[in-house]
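Visitor: The following comprises the amino acid sequence and a computationally predicted model.
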Amino acid sequence: MDRRQLIKGMLAAPIAHAAISIPCLAAIQDSVSHVDPLKINKQRFLAALEKYPDLVGVLGTDSDFSPNQLKIEGQLPKDLKGCFYRNGPARHQRAEQRYTHLFEGDGMIHQFQFAEGKVHHQGKFTQTSKFIAEEKAGKFLFSGPDSKLPNSLAINNPDSINTANTNVLPVNGELWALWEAGSATAIEGSTLETKGLINLGAGTQHQNSLKGLPFSAHPKVEADGTIWNFGYALSGHIVLYQLNSQGKLQNVGMINSGFTGGMVHDFLITEKHILLLLPSLKRDRTIEGQFSSIQFAPEQTMKVLIISKSTLKVVKKYSLDPGFVFHFGNAWEDKNGNISFDASLYPNGDVFNQLTSMMQGERDIPISPAKTVVFSLLRNGKVRSYTIDGISEFPRIYSALTGKKNRDLFTLSSIESDVWSDSVRRINLDNDSLDTFTYGKDYLVEEHVLVNDQENTKGDYLIGTALHIPTKRTCLNIFNAQNISAGPICRAWLPYAIPLGFHGNFLAG
């Protein structure tokens, strides 16, 4: 894309993004003298917590977690060395107020360090400009995407309320804390100290023109370290990024997808293409709040945009039956140009209500869970798909196979619990066999990640956290990745519960 055209388009996109995706700014920033919905929400949630102890996972915390050696149960593998990092919203309440949506809390990075036969944990809030200002004030200062704060300070751009709360990616000796609506935030990997916002255009012809543009929380990293990502703005513009293994910008482009449904959370790559799936969503602008305004549109087919990696241009489009997807595992294409991918597919948008209801102390909200669906986009324009039995979310693969054909897909599932995930499993995509371990309904199970980047190698472990509800403690669990059903070979227990998070990665060392 011509540089002048690119910058012109990108300057328009973030303006639309800031004006639209920071929800209903004019309405949010109006003073409300007689009702404080955030205060009411905190009172409601704390009352519900006494009745439903499983809400402890979204209670949040108001302080960092100091370095702490964990109690080991079982035999810690001697060849497991490095750090497991996780990210998620952890500050849901300040003073007498509480956010109303799970996505709004301030992000905290957790580090589990494996060294010398021991496991240590520490957790620190990412020191965003928002977090620093509110910590100093002792109260919330800004409205969130859904939470309407009386007398909110002005929200000038997305990064002014960047919570850095969704994923954490090791890049060139540091960590990037990711949020999908704005810039990545650099973190020092050993101390978890915040270094500042990433300017992807620095040192390139784009300079400051990329600052504050959306950079999704789900970058894809190829075996050679090349990083691909996208950023979605509610105007329908989607920015496409290619970075090298040091995190330096190699190429950037933008398409106008025409999709204004409110959320594109994840994407896929193959060896030659980028895949963007546009879900069956639309925004009802009569409903206040960014997340609340996103509505499922059962009459609206999903669209898949196939984009050339070399030109960053759309080369083909497919239509799929209506649905919604948060997360994908992987995509690949065969020698004939047919593309396959898996998705944790929801039949509707009920999951949005669940993410709100838990934060407001409600539990018995019906939800149609996601299942793994494998799609084949044939070169002749036809589409085939099949569904794998069981609830499925937070899919992961061996990272060296990103964009290539993979056999194993690791996901969370739920067998006994109707509140949160309670199981982890390995799906063999060659024969659809399942290898499952169920923690049980007393656990709130979080995303599990692979230690190695390739299958069938020494030290092939799957690790992840789970919150034990009765004792209000979190445990880190280590599995043989090829024998999940045998259960954890080792557990490391924290003396406390850490807030439920979203995504993470392991960095060997």
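Guide: Yep, it's here. Residues are numbered from 1 along each chain as shown.
Visitor: what helix or strand is residue 358 on?
Guide: Assigned by DSSP states H and E, residue 358 falls within helix 350-359.
Visitor: Beyond that helix, next helix or strand please.
Guide: Following helix 350-359 in sequence order, the next helix or strand is strand 371-377 (DSSP H and E).
Visitor: list the helices and strands that following strand packs on?
Guide: Secondary-structure packing of strand 371-377 (3 or more Cβ pairs under 8 Å, 6 or more residues apart in numbering; DSSP states H and E): strand 339-346, strand 383-391. For glycine as for every other residue, the C-beta is placed from the backbone atoms N, C-alpha and C.
Visitor: quick one, which of the ones you listed is packed in tightest?
Guide: Of all the helices and strands packed on strand 371-377, strand 339-346 has the most neighbours on average by mean count of other Cβ atoms under 10 Å, namely a mean of 23.
Visitor: mean confidence score for that one?
Guide: Mean per-residue pLDDT for strand 339-346: 98.
Visitor: what does stretch 139-156 give?
Guide: On average, the pLDDT along stretch 139-156 is 94.
Visitor: ends of it, how far apart?
Guide: Taking Cα to Cα, to the nearest Å, the first and last residues of stretch 139-156 lie 19 Å apart.
Visitor: Name the residues of it that are buried.
Guide: By neighbour count on 16 or more other Cβ atoms under 10 Å, the buried set for stretch 139-156 is 140-150, 152-153, 155.
Visitor: Go ahead and report the secondary structure state at the nearest residue to residue 166 once chain neighbours are set aside.
Guide: Nearest residue to residue 166, sequence neighbours excluded (Cβ to Cβ, 6 or more residues apart in numbering): residue 217, at 3.7 Å. Put simply, residue 217 is coil when judged by DSSP: H, G, I helix; E, B strand; the rest coil.
Visitor: How about residue 261?
Guide: Classification of residue 261 using three-state DSSP returns coil.
Visitor: Residue 68 now?
Guide: Secondary structure state of residue 68, per three-state DSSP, is strand.
Visitor: how close does it get to residue 450?
Guide: Distance of residue 68 to residue 450, given as Cβ to Cβ, to the nearest Å: 25 Å.
Visitor: So for these two, which sits in the more crowded spot?
Guide: Taking other Cβ atoms under 10 Å, residue 68 and residue 450 do not tie; residue 450 has more neighbours (23 against 14).
Visitor: Just grab the bridge partners of that one for me.
Guide: Listed beta-bridge partners, residue 450: residue 462 (assigned using DSSP bridges).
Visitor: leaving aside the residues next to it on the chain, what's closest to residue 437?
Guide: Using Cβ to Cβ, 6+ apart, the closest residue to residue 437 is residue 484 (5.0 Å).
Visitor: which phi and psi does that neighbour have?
Guide: Backbone torsions of residue 484, given as degrees, to the nearest 10, read phi -60, psi -40.
Visitor: For residue 177, see how far away the residue sitting nearest the centre point of the chain is.
Guide: Nearest to the mean C-alpha position of the chain, by Cα atoms, centre = their mean, lies residue 166 at 4.5 Å. Counting by Cβ to Cβ, the gap from residue 166 to residue 177 is 8 Å.
Visitor: Please look at residue 387 and residue 372 and confirm they touch.
Guide: Yes. Between residue 387 and residue 372 there is a contact at 7.1 Å, judged by Cβ atoms under 8 Å.
Visitor: tell me, what's touching the two both at once?
Guide: Shared contacts of residue 387 and residue 372 (Cβ atoms under 8 Å, 6 or more residues apart in numbering): residue 345.
Visitor: before we move on, back to that, check the gap between the residue nearest to the centre of the chain and residue 203 for me.
Guide: Look at residue 166 and residue 203: by Cβ to Cβ, they are 26 Å apart.
Visitor: mind listing the helices for the chain?
Guide: Using DSSP state H, the helices of the chain run over 3-21, 25-28, 37-51, 129-137, 350-359.
Visitor: for the last one, what is the average pLDDT?
Guide: Pointing back at helix 350-359 there. Taken as a whole, helix 350-359 has a mean pLDDT of 90.
Visitor: same thing with stretch 270-287?
Guide: Across stretch 270-287, pLDDT averages out at 97.
Visitor: C-alpha coordinates for it, CSV please?
Guide: Output of stretch 270-287 as CSV, limited to C-alpha atoms (Å, rounded to 0.1, in the frame of the first residue of the first chain):
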residue,chain,number,x,y,z
THR,A,270,-1.5,-20.6,7.0
GLU,A,271,1.8,-20.6,5.2
LYS,A,272,0.5,-18.3,2.5
HIS,A,273,-2.6,-16.6,3.9
ILE,A,274,-4.3,-14.7,6.7
LEU,A,275,-7.8,-15.8,7.6
LEU,A,276,-10.3,-13.3,9.2
LEU,A,277,-13.6,-14.7,10.3
LEU,A,278,-16.3,-12.0,10.8
PRO,A,279,-19.0,-13.5,13.2
SER,A,280,-22.7,-13.1,13.1
LEU,A,281,-22.8,-10.0,15.3
LYS,A,282,-24.4,-6.6,15.0
ARG,A,283,-24.5,-3.6,17.3
ASP,A,284,-27.7,-2.2,18.7
ARG,A,285,-26.9,1.4,19.3
THR,A,286,-30.0,1.9,21.4
ILE,A,287,-28.2,-0.2,24.1
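Visitor: hang on, the earlier thing: wait, isn't the residue nearest to residue 166 in contact with residue 164?
Guide: No. Using Cβ under 8 Å, residue 217 makes no contact with residue 164, being 9.5 Å away.
Visitor: Need the overlap of contacts for these two.
Guide: 178-179.
Visitor: So for those two, which sits in the more crowded spot?
Guide: Taking neighbours as other Cβ under 10 Å, residue 217 and residue 164 compare with residue 164 leading, 32 against 24.
Visitor: surely that one meets residue 107?
Guide: Yes. Here residue 164 reaches residue 107: they are 4.2 Å apart, a contact under Cβ under 8 Å.
Visitor: Overlap of the contact sets of the two?
Guide: Common neighbours of residue 164 and residue 107, using Cβ under 8 Å, 6+ apart, are 87, 126, 128, 177, 179.
Visitor: Now for those: which two are most distant?
Guide: Spanning the widest gap among these are 87 and 128, at 12.5 Å by Cβ to Cβ.
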